[in-house]
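Student: Structure for the following, please:
(4 chains)
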There are 2 protein chains.
Amino acid sequence: MSNEALALDAAQNSVDQATRLIREDILSGRIAPGERLKTAELAKRLGFSTMPLREALRKLEGEGLVAIEPNRGATVRQLDRAYITDLFELNTELRIFAVRRGMAMLTLERIRELEGLAKEYRMHLEAGEDLEAIDCNRRFNARLVEFGGNREALRVFLRGWDTIFAFRRGYGYGTGRRRVMAEEMKLLIEALRRQDATSAEAILRMQNAAMMEDLVSRIAPES
Amino acid sequence: MSNEALALDAAQNSVDQATRLIREDILSGRIAPGERLKTAELAKRLGFSTMPLREALRKLEGEGLVAIEPNRGATVRQLDRAYITDLFELNTELRIFAVRRGMAMLTLERIRELEGLAKEYRMHLEAGEDLEAIDCNRRFNARLVEFGGNREALRVFLRGWDTIFAFRRGYGYGTGRRRVMAEEMKLLIEALRRQDATSAEAILRMQNAAMMEDLVSRIAPES
DNA sequence: GGAGATCAGATTGGATCAGTTCTATTCCGA
DNA sequence: TCGGAATAGAACTGATCCAATCTGATCTCC
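Tutor: Numbering: from 1, shown residues only, chains lettered A, B, ... in the order given. Sure, this is the predicted structure:
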């Protein structure tokens, strides 16, 4: 499991280092879905022996990021349409769950933190800094789920989020949704301030519907 | 990821076979949480060389079942109280989500299938066949979540369920809840028949509260 | 000209081995 | 008798080797 997504990698030995490097390469899009991961090639590129890489690939197989077929080696896992939409829907549900559960424990400080992140998001947006905006969006939502207080939900959410974005990178982002997103953050925070779970849930569901439409339109009809 | 929990293991090579065997040993409780998994010992017991076992353990590390510390080897992951309760709560939420989402797509045939499983559960209960009853309960709930139509939710649910039960095995089950459980299955099915999502959700939440209380009472106060 | 067999190169799978790190016992001194 | 250090053993880590398998290209035959 991605304990490392929360607590950082110890990464003292080659296996952990290699795992982290390959994982980053996949999630950042430097290695595309479907691409083969040959141990010899990775060994040369990353400077390890093939042994640690074999173990690293197995670990990533366990995480679901790569698929290993007997005698054919590892490939970056193909993410089909159903998988991505299921993942996305699940993540929306996790956010709603977190908001409902965390509403009572929300402090003013936490709301301010979310406001800060929303503001940062708008700034990056206006400056045209796409990558920073995306990262900020991730931090906003991760924090939102974290305030729900269920660490397992957060773990599942983060893995899903990263996988979805690794996928979207290949298909491009919809820039049209960006400004709406900033507006939705604002509305959500207001709902949180009012302790209005119903409104918050409605906002998240609307957001889900819009994002899902955008997502599906980019994916080939059947895959 | 436990693709194998859904699609069965191909298991042509030693690594996949070893992974499956060790996973079963852990989830069935034959190997206790915290116990060390020495490659040499496993190699002798399972009849493989140490090489495939190293990779198998890495894969299980990715799945979150074992923890590997540098130069100290693998141990069955320790499941603390917060982890288990978070997992349990998440699973309840996933069931509620599945019921809400799957309600509209419920056919009479599916409801009958659930009824069949509920009946089987009662029979095993009266016959005192605990293990069969537990397995039946798992199938009932897995089917319930599956009818929700979100395969990712199902995957997360199953992994959580298996982990929780691997944990409970060590602390013993509450036999007092058994008969209530059978009653709750019945009520849930009735609610599904009436397309009454609100009732169904209420039943699941009540069940969650009762189970959680039972669970927490068995765990040491702090761990 | 196309389909299937064949063969060489590339890649994975499993095994063994030396080096390093950790663990647990033992031994020595206070 | 207790505490700490030294040591011996066990286990893990990383590297290399060889066999088994796959991939892709060429060649032959229909």
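Student: Can you report how many residues lie near the residue nearest to A:Ala82 when sequence neighbours are not counted?
Tutor: Leaving out its chain neighbours, the residue that sits closest to A:Ala82 by CB to CB, 6 or more residues apart in numbering or on different chains is B:Arg151, at 6.9 Å. Where C-beta positions appear, they are placed from N, C-alpha and C, glycine not excepted. B:Arg151 has 16 neighbours, counted by other CB atoms under 10 Å in any protein chain shown.
Student: per-domain residue ranges of chain A.
Tutor: A:3-76, A:81-218 (automatic domain parsing).
Student: Which of those has the lowest mean pLDDT?
Tutor: For the domains of chain A, the weakest mean pLDDT is recorded on domain A:3-76, namely a mean of 87.
Student: Do that domain and DNA strand D come into contact?
Tutor: Yes. Judged by CB under 7 Å from any atom of the strand, domain A:3-76 comes into contact with DNA strand D through A:Asn13, A:Ser14, A:Val15, A:Phe48, A:Ser49, A:Thr50, A:Met51, A:Pro52, A:Pro70, A:Asn71, A:Arg72.
Student: Off-centre distance for that domain?
Tutor: Put simply, domain A:3-76 sits 18 Å off its chain's centre (CA atoms, centre = their mean, to the nearest Å).
Student: Pull the number of nearby residues for A:Lys38.
Tutor: 16.
Student: now do A:Ala209
Tutor: When neighbours are counted by other CB under 10 Å, A:Ala209 registers 11.
Student: contacting residues for the spatially closest residue to A:Leu42 that is not a sequence neighbour?
Tutor: Nearest in space to A:Leu42, with sequence neighbours left out and distances taken as CB to CB, 6+ apart, is A:Leu53 at 5.0 Å. When contacts are counted by CB atoms under 8 Å, 6 or more residues apart in numbering or on different chains, A:Leu53 touches A:Ala18, A:Thr39, A:Leu42, A:Ala43, A:Leu46.
Student: State the distance from A:Leu53 to A:Ala40.
Tutor: In this view, A:Leu53 and A:Ala40 are 9 Å apart by CB to CB, to the nearest Å.
Student: Now, of the residues of domain A:3-76 next to DNA strand D, which are buried?
Tutor: A:Ser14, A:Val15, A:Phe48, A:Met51, A:Pro52 (16 or more other CB atoms under 10 Å in any protein chain shown).
Student: between the residues you listed, which is nearest A:Leu65?
Tutor: A:Val15 (15.1 Å; CB to CB).
Student: hmm, the helix or strand the closest one falls within touching DNA strand C?
Tutor: For A:Val15, the host element (DSSP states H and E) is helix A:14-27. No. Helix A:14-27 is not in contact with DNA strand C by CB under 7 Å from any atom of the strand; minimum separation 11.9 Å.
Student: how many other residues sit next to whatever residue of chain A ends up closest to chain B?
Tutor: Chain B sits closest to A:Gly62 of chain A, with a gap of 2.1 Å, by CB to the nearest CB. Using other CB under 10 Å, A:Gly62 has 24 neighbouring residues.
Student: Hmm, B:Glu55 and it touching each other?
Tutor: No. The pair A:Gly62 and B:Glu55 fails to qualify as a contact (CB atoms under 8 Å) at a distance of 10.1 Å.
Student: can I get the buried ones among the residues of domain A:3-76 next to DNA strand D in JSON lines with distance to B:Asp130?
Tutor: What follows is these, written out as JSON lines (distance: CB to CB, whole Å):
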{"residue": "A:Ser14", "distance to B:Asp130": "46"}
{"residue": "A:Val15", "distance to B:Asp130": "40"}
{"residue": "A:Phe48", "distance to B:Asp130": "48"}
{"residue": "A:Met51", "distance to B:Asp130": "44"}
{"residue": "A:Pro52", "distance to B:Asp130": "44"}
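Student: Point out the residues in chain A that sit beside DNA strand C.
Tutor: So chain A meets DNA strand C at A:36-41, A:51, A:54, A:68, A:70-74 (CB under 7 Å from any atom of the strand).
Student: Please render the residues you listed as JSON lines that adds distance to B:Lys119 to the earlier fields.
Tutor: Below are those laid out as JSON lines (distance: CB to CB, whole Å):
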{"residue": "A:Arg36", "distance to B:Lys119": "50"}
{"residue": "A:Leu37", "distance to B:Lys119": "49"}
{"residue": "A:Lys38", "distance to B:Lys119": "53"}
{"residue": "A:Thr39", "distance to B:Lys119": "52"}
{"residue": "A:Ala40", "distance to B:Lys119": "57"}
{"residue": "A:Glu41", "distance to B:Lys119": "56"}
{"residue": "A:Met51", "distance to B:Lys119": "53"}
{"residue": "A:Arg54", "distance to B:Lys119": "48"}
{"residue": "A:Ile68", "distance to B:Lys119": "41"}
{"residue": "A:Pro70", "distance to B:Lys119": "41"}
{"residue": "A:Asn71", "distance to B:Lys119": "46"}
{"residue": "A:Arg72", "distance to B:Lys119": "45"}
{"residue": "A:Gly73", "distance to B:Lys119": "47"}
{"residue": "A:Ala74", "distance to B:Lys119": "45"}
